[in-house]
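Engineer: build the 3D model from these lines:
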Amino acid sequence: MPKNIQLLSLKLRNFKGVRDFSLESQGDTSVYGDNEAGKTSLFDAFTWLMFDKNSMNQSKFAIKTLDENNKVINGIEHEVEGIMMVDGITV
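Structural biologist: Below is the predicted model of the structure:
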């Protein structure tokens with residue numbers, strides 16, 4: 001039987017160049033922004049959290065934060081946290 005899943009919140013820290021982001025959803029949520037603003041990174045974070053893959057269905061992709069020279073910044077933690085309502089139960 002299909003489950004009813006609602007995203008309540010999504011938090012990113014050092015994920016694919018997004019240093020710190022929090023989304024608190026109050027129902028339907030739309031994400032808008034210029035090119036290279038991070039919309040795909042948000043979607044990648046959500047699909048990585050749910051399915052261990054990015055939005056292109058790839059299980060191997062870069063989540064590390066890069067510096068201005070496109071080199072990986074070592075020593076920082078990468079986090080994605082989501083709170084969802086699944087069939088009326090918060091998980």
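Engineer: where along the protein do the helices fall?
Structural biologist: Under the criterion DSSP state H, the chain carries helices at the ranges 39-51.
Engineer: and the longest strand for it?
Structural biologist: For the chain, the longest strand by residue count, based on DSSP state E, is strand 5-15.
Engineer: any idea of the angle that strand forms with helix 39-51?
Structural biologist: Per axes from the mean of the first three to the mean of the last three CA atoms, to 10 degrees, the angle that strand 5-15 makes with helix 39-51 is 120 degrees.
Engineer: residues contacting K39?
Structural biologist: K39 sits next to V31, Y32, G33 when contact means CB atoms under 8 Å, 6 or more residues apart in numbering. For glycine as for every other residue, the C-beta is placed from the backbone atoms N, C-alpha and C.
Engineer: same for the longest strand of the chain, what does it pack against?
Structural biologist: Judged by 3 or more CB pairs under 8 Å, 6 or more residues apart in numbering; DSSP states H and E, the packing partners of strand 5-15 are strand 18-24, helix 39-51, strand 79-86.
Engineer: need the ones you listed in CSV (columns: mean pLDDT).
Structural biologist: Formatted as CSV, the helices and strands packed on strand 5-15 follow (pLDDT from 0 to 100):
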stretch, mean pLDDT
strand 18-24, 92
helix 39-51, 92
strand 79-86, 93
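Engineer: about what we covered before: show me what the longest strand of the chain pairs with in its sheet, parallel or antiparallel.
Structural biologist: strand 18-24 (antiparallel), strand 79-86 (antiparallel) (DSSP bridges).
Engineer: buried deepest among those strands, which one?
Structural biologist: Ranked by mean neighbour count, the strands paired with strand 5-15 are led by strand 79-86 with a mean of 15 (mean count of other CB atoms under 10 Å).
Engineer: how about residues contacting it?
Structural biologist: For strand 79-86, contacts defined as CB under 8 Å, 6+ apart pick out 3-15, 45-46, 48-50, 90-91.
Engineer: please check those and keep the buried ones.
Structural biologist: Among those, those scoring as buried are L10, K11, L12, R13, N14, F15, A45, F46, W48, L49 (criterion: 16 or more other CB atoms under 10 Å).
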